[in-house]
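Enquirer: Sharing a sequence plus its predicted fold:
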Amino acid sequence: FWPLYQTIFLCVSIYLLVNQSSIIYMSLGIISLGIINGGFGITIAHELIHRTKKWERGLGVWILSLVNFSVFRIEHVFGHHRNVATPLDPASAQKGENIYLFIPKAIFGVFKGAKKFEHKRVSRLKPRPVNFIYNRFYQYMAISLAISTLLYATFGITALYIFFAQSLIAVSLLEMVDYIEHYGLQRKRLENGKYEPVGPQHSWDTNFFMTNTSLYNLGKHAHHHRVASLPFQHLKSTEGAKNYPFGYSSAVILALMPPLWRKVVDPLLD
């Protein structure tokens, strides 16, 4: 029911915020909207886009469209899971990388990677179809454009500001989590130029109860990278994975203070 709930929640929230005269209350509302749609919405979408059934993946894409980030489905599934813990992956943070520089780089990388992957996929189809029609990058962008147009026609230009502002907050929150999930972990490059297979040592796990109950076992991340389609309730902690001595929420807060983050986490890498 979450896709329906988030759709209604977004529309009702925008309606209330558009008619809010206080800038302070509007700002707090936008921040709250972005945190909910990012913290819970994108987490649920992440679960759905890995499912084997097409309709479940479609629901995941719809949730991502509500934060203008449906192309994440393409780059995450076909890019991140292949290139994780290498310089080829925009969502894998290098040791010492500043989170405030990482977030815009990762967001741009998602759009760039998704467009590149879809261009290659469509060009291999025989007979070669019309790129715009069969290219999922453009399909997903069209969905976001349709949602934006509908909100503008219904609530006016202020609704667009709110829609894009909450999207930016939600997507930034996602990239904060991406930052901590693989920070400083690197796959070795082999003599043939390829990278070693993905192992448990290339992801950060956390066994904290609050993280895994509120974020659908996202803290058991190494197991997810081993079997991406495995439903969240079957994920387990993996021997050999790096482990944070705190939950993901604490990790995100700590990452927002780069000097302190490096002081606490970099020794764990060594």
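Expert: Arrived safely.
Enquirer: where does the residue nearest to residue 264 when sequence neighbours are not counted land on pLDDT?
Expert: Closest residue in space to residue 264, ignoring its immediate chain neighbours: residue 254 at 6.3 Å, by CB to CB, 6 or more residues apart in numbering. Glycine gets a C-beta too; all of them are placed from N, C-alpha and C. The model reports residue 254 with a pLDDT of 95.
Enquirer: and residue 254, how far is that from residue 215?
Expert: Per CB to CB, to the nearest Å, residue 254 is found 17 Å from residue 215.
Enquirer: What of residue 236?
Expert: Distance of residue 236 to residue 215, given as CB to CB: 15 Å.
Enquirer: Look at these two and report which has more neighbours.
Expert: Taking neighbours as other CB atoms under 10 Å, residue 236 and residue 215 compare with residue 215 leading, 21 against 11.
Enquirer: and that one, what does it touch?
Expert: For residue 215, the contact set (CB atoms under 8 Å, 6 or more residues apart in numbering) comprises 39, 43, 248.
Enquirer: for residue 142, same thing?
Expert: Contact analysis of residue 142 by CB under 8 Å, 6+ apart lists nothing.
Enquirer: so where do the helices sit in this structure?
Expert: Along the chain, the segments classed as helices by DSSP state H run 2-18, 23-36, 43-49, 54-65, 72-75, 81-83, 99-123, 131-134, 136-155, 157-181, 209-214, 221-226, 248-255, 258-269.
Enquirer: and these as TSV, adding distance to residue 200?
Expert: Output for the helices of the chain, formatted as TSV (distance: least, CB to CB, whole Å):
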stretch	distance to residue 200
helix 2-18	30
helix 23-36	30
helix 43-49	19
helix 54-65	25
helix 72-75	23
helix 81-83	14
helix 99-123	23
helix 131-134	37
helix 136-155	31
helix 157-181	13
helix 209-214	17
helix 221-226	4
helix 248-255	17
helix 258-269	15
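Enquirer: Please list all residues in contact with residue 51.
Expert: Contacts of residue 51 (CB under 8 Å, 6+ apart): 57, 60, 229, 231.
Enquirer: out of those, which are buried?
Expert: Buried residues within the contacts of residue 51, counting neighbours by 16 or more other CB atoms under 10 Å: 57, 60.
Enquirer: need the contacts of residue 51 in a markdown table with distance to residue 266 and pLDDT, can you?
Expert: What follows is the contacts of residue 51, written out as a markdown table (distance: CB to CB, whole Å; pLDDT from 0 to 100):
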| residue | distance to residue 266 | pLDDT |
| --- | --- | --- |
| 57 | 37 | 96 |
| 60 | 34 | 97 |
| 229 | 33 | 91 |
| 231 | 34 | 89 |
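Enquirer: JSON lines for the contacts of residue 51, including distance to residue 111?
Expert: Shown next, in JSON lines, are the contacts of residue 51 (distance: CB to CB, whole Å):
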{"residue": "57", "distance to residue 111": "19"}
{"residue": "60", "distance to residue 111": "18"}
{"residue": "229", "distance to residue 111": "25"}
{"residue": "231", "distance to residue 111": "28"}
